[in-house]
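**Q** Sequence and computational prediction follow.
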Amino acid sequence: MLTSSLRRFLAPHLRDYGMLLSLVAIMGFFQVLTDGTLLQPLNLTNLFLQNSYIVVMALGMLLVIVAGHIDLSVGSVCGFVGALAAVLMVDMEWPVLPAMVACLAAGAVIGAVQGAFVAWLKIPSFIVTLAGMLVFKGLALALLRGQSIGPFPDSFQGLASGFLPDLGDGEGHLTSLAVGLGGVALLTLRELLARRKATALGAAGEPLPLFLLRLVAQGAALGALVWLLASYKGLPNVLLLMTVLIGVFVFVTRRTTLGRRIYALGGNERAARLSGIPTEKLTLLCFINMGVMAALAGLVFAARLNTATPKAGLGFELDVIAACFIGGASASGGVGKVTGAVIGAFVMGVMNNGMSILGIGIEWQQVIKGVVLLAAVVFDVYNRRKG
């Protein structure tokens, strides 16, 4: 009976568990091939720093894809905002905080303009954002006058290269260890309380043995990650930023009316409109959110490089879109999870990192990533037809 209940639960959740297990398998594969280099504290820290902007943009892209659209301009917007930040902070000597607010506002305006074309003029998002990709790539070149601008102020660099300050005077970054393990404990407690509430309501779908196994494995993995990071320089600022953003997006998509409406919009726009959902405003909001996330990613990327370059953001849109599709988002809209997009982003990141450590050429890296993306989409189509 237990086996049959596990089978019934796993059948509709195969994609969720499959992607997580795939990430674990890929990490184990590269851990062996790189002789343990992949999970070294220094490399783990670099892994988060290198993929932070992809994760940030993947959160925004997920909502756009779930709503039934696509945004090809995110890489160019990311590069444009980095260029704008350099002009404001370096050339015009603006204070860091006002400059960052102006850059995020610019991202929101860009998203609003593109979203208006899609929502009210009904121009396909592919065309609108393809045009935006060209426009903002050109504007970034114009702002930078074809040259790199830097360096940025130290306080701005801390956004991407800084770490949680250690309040102790010993070794091992005890503050980061305490914050990280405390976060793991809170996440575990939240899972237990949610399970208890669902059981009381008769809605606990996940079998208890599987739930306990997942909870133990999740806690052990996150605890080990925190321990490794704390043994180097502590928790990176970008990891804390990503954690907060992931928590916010998970809450919005799972717990709010706004989140449910976005899924309804992507599932069937006409039915959503007839049920009273303001589909145009919702589409506009998704693109505004994407613009802000792209701008934030641009700030993180510029802070990490400590300079704004004309080639910043080149090809980022491909990694971001691939992360969402690999993580389970459907190309037809209405399907996708925040955690899936994050896992997809780290699948891409671990593959990039592992292949780079192994010295695999960029041409074969692109081939392998393309095959993985195609396989993920084929798996999605197969599951839909089977269902």
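**A** Received it, and whenever you're ready, just let me know what you need.
**Q** So for G146, what's the nearest residue that isn't a sequence neighbour?
**A** Closest residue in space to G146, ignoring its immediate chain neighbours: P310 at 6.1 Å, by CB to CB, 6 or more residues apart in numbering. The C-beta positions use only the backbone N, C-alpha and C, and glycine is treated the same way.
**Q** pLDDT at that neighbour, what is it?
**A** P310 is assigned 90 on the pLDDT scale.
**Q** who's in contact with A264?
**A** Neighbour list for A264: 271-272, 275, 277, 334 [criterion: CB atoms under 8 Å, 6 or more residues apart in numbering].
**Q** Which two of the residues you listed have the greatest separation?
**A** Across those, no pair lies farther apart than S275 and G334, at 14.2 Å, counting by CB to CB.
**Q** Comparing the two, which residue is more hemmed in?
**A** Neighbour count, other CB atoms under 10 Å: between S275 and G334, G334 has more, with 19 against 11.
**Q** The more buried one and R261 touch, don't they?
**A** No. Under the criterion of CB atoms under 8 Å, G334 makes no contact with R261, lying 11.5 Å away.
**Q** So what's the gap between the strand or helix carrying V371 and the chain middle?
**A** V371 belongs to helix 362-386 when assigned by DSSP states H and E. Averaging C-alpha positions (CA atoms, centre = their mean, to the nearest Å) puts helix 362-386 19 Å from its chain's average.
**Q** just checking, what packs against that helix?
**A** Applying 3 or more CB pairs under 8 Å, 6 or more residues apart in numbering; DSSP states H and E, one finds that helix 362-386 contacts helix 14-33, helix 316-326, helix 338-357.
**Q** Relative to A178, which of the ones you listed is closest?
**A** helix 338-357 (24.0 Å).
**Q** Output that closest one as CSV, nothing but the C-alphas.
**A** Backbone C-alpha positions of helix 338-357 (Å, rounded to 0.1, in the frame of the first residue of the first chain) are rendered in CSV as follows:
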residue,chain,number,x,y,z
VAL,A,338,10.1,29.4,-8.6
THR,A,339,12.1,26.6,-7.0
GLY,A,340,12.3,24.9,-10.4
ALA,A,341,13.7,28.0,-12.1
VAL,A,342,16.3,28.3,-9.4
ILE,A,343,17.3,24.7,-9.7
GLY,A,344,17.4,25.1,-13.5
ALA,A,345,19.7,28.1,-13.1
PHE,A,346,22.1,26.1,-10.9
VAL,A,347,22.0,23.2,-13.3
MET,A,348,23.3,25.6,-16.0
GLY,A,349,25.8,27.2,-13.5
VAL,A,350,27.2,23.9,-12.2
MET,A,351,27.6,22.6,-15.8
ASN,A,352,29.4,25.9,-16.8
ASN,A,353,31.6,25.8,-13.8
GLY,A,354,32.4,22.1,-14.0
MET,A,355,33.2,22.2,-17.7
SER,A,356,35.4,25.2,-17.2
ILE,A,357,37.4,23.5,-14.5
